[in-house]
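[1] what's the 3D shape of this:
(chains A and B)
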Amino acid sequence: QKEVEQDPGPLSVPEGAIVSLNCTYSNSAFQYFMWYRQYSRKGPELLMYTYSSGNKEDGRFTAQVDKSSKYISLFIRDSQPSDSATYLCAMSAALNDYKLSFGAGTTVTVRA
Amino acid sequence: KAGVTQTPRYLIKTRGQQVTLSCSPISGHRSVSWYQQTPGQGLQFLFEYFSETQRNKGNFPGRFSGRQFSNSRSEMNVSTLELGDSALYLCASSKDPGTTNEKLFFGSGTQLSVL
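    Sure, this is the predicted structure:
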């Protein structure tokens, strides 16, 4: 079993819909949780970064972490065709640990 | 400010050959990490270099090696290539020291195909 599990999708939604993405993990040492967005033929770019449990909002994006359930989520409100990409969750146990554990990524298509 | 630059963008090799990939970090960044991305396994950590020293290593065979130069540029080498080594190899840089992993910036990667 992988340390971080993420449904690869694909996920297809109409423009304006809410996109809901999630990951589960098994390592209880993880404290730092990230969501990356990766466009085709590009490297991942950081979208959201959260520490421990709780919610964080940035514009149309909301990240949630539930450490008791070992479950993290990303919500995209009012989705746009430009949000079509692969979304990767990542996590680490330490603040300055660059050995991140990634999920497999979920491919999202927002239809105009 | 230029981003992380990886060369070449695409590479085709045959089994048994070896390959060297290059990464130039963002100016002023001293930490360089390498990841392998495949459709089945996602991103997997290979190794991280800081000040020319390997600071962390993932669970890959010894055929995968890397190094970092005094100007922070890094190379990774894969010897005796296998079909399963076909992947997108991503490099990421960070300013360090004391920088959080929030400040990790990825390049666009080198797509390696092994025939």
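[2] Can you get me a residue count around residue 43?
    Picked chain A for this. A count of nearby residues for residue A:43, using other C-beta atoms under 10 Å in any protein chain shown, gives 21. Using the backbone N, CA and C atoms, a C-beta is placed for each residue, glycine as well.
[3] that's the wrong chain, I wanted chain B
    26.
[4] and residue A:94, that's in a strand?
    No. Assessed with DSSP: H, G, I helix; E, B strand; the rest coil, residue A:94 is coil; it does not lie in a strand.
[5] right, and it touches residue A:32 too?
    Yes. Counting by C-beta atoms under 8 Å, residue A:94 does reach residue A:32; the two are 7.5 Å apart.
[6] More neighbours: which of these two?
    In this view residue A:94 and residue A:32 are compared by other C-beta under 10 Å, and residue A:32 has more residues nearby, 21 against 13.
[7] hey, what's that one bridged with?
    Going by DSSP bridges, residue A:32 is paired in beta bridges with residue A:51, residue A:92.
[8] How about residue B:31?
    Residue B:31 has the following beta-bridge partners by DSSP bridges: residue B:50, residue B:94.
[9] Give me the pLDDT for residue B:97.
    We have a pLDDT of 65 for residue B:97.
[10] How about residue A:99, nearest residue that isn't a chain neighbour?
    Closest residue to residue A:99 apart from its sequence neighbours, by C-beta to C-beta, 6 or more residues apart in numbering or on different chains: residue B:45 at 4.6 Å.
[11] Next, count neighbours for that neighbour.
    Counted by other C-beta under 10 Å, the residues lying close to residue B:45 total 21.
[12] contacting residues for it?
    Residues in contact with residue B:45 (C-beta atoms under 8 Å, 6 or more residues apart in numbering or on different chains) are A:98-101, B:33-35, B:56, B:58.
[13] By neighbours, which of those residues wins?
    Counting neighbours by other C-beta under 10 Å, residue B:33 comes out on top of the contacts of residue B:45 with 28 neighbours.
[14] so that residue sits right up against residue B:104, yeah?
    Yes. Applying C-beta under 8 Å, one finds residue B:33 in contact with residue B:104, separated by 7.1 Å.
[15] Residues that sit against both of these two, list them.
    Common contact partners of residue B:33 and residue B:104 (C-beta under 8 Å, 6+ apart): A:98, B:92-94.
[16] Could you dump those into JSON lines and include distance to residue B:3 and pLDDT?
    Output for the shared contacts of residue B:33 and residue B:104, formatted as JSON lines (distance: C-beta to C-beta, whole Å; pLDDT from 0 to 100):
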{"residue": "A:98", "distance to residue B:3": "17", "pLDDT": "87"}
{"residue": "B:92", "distance to residue B:3": "11", "pLDDT": "96"}
{"residue": "B:93", "distance to residue B:3": "9", "pLDDT": "94"}
{"residue": "B:94", "distance to residue B:3": "13", "pLDDT": "90"}
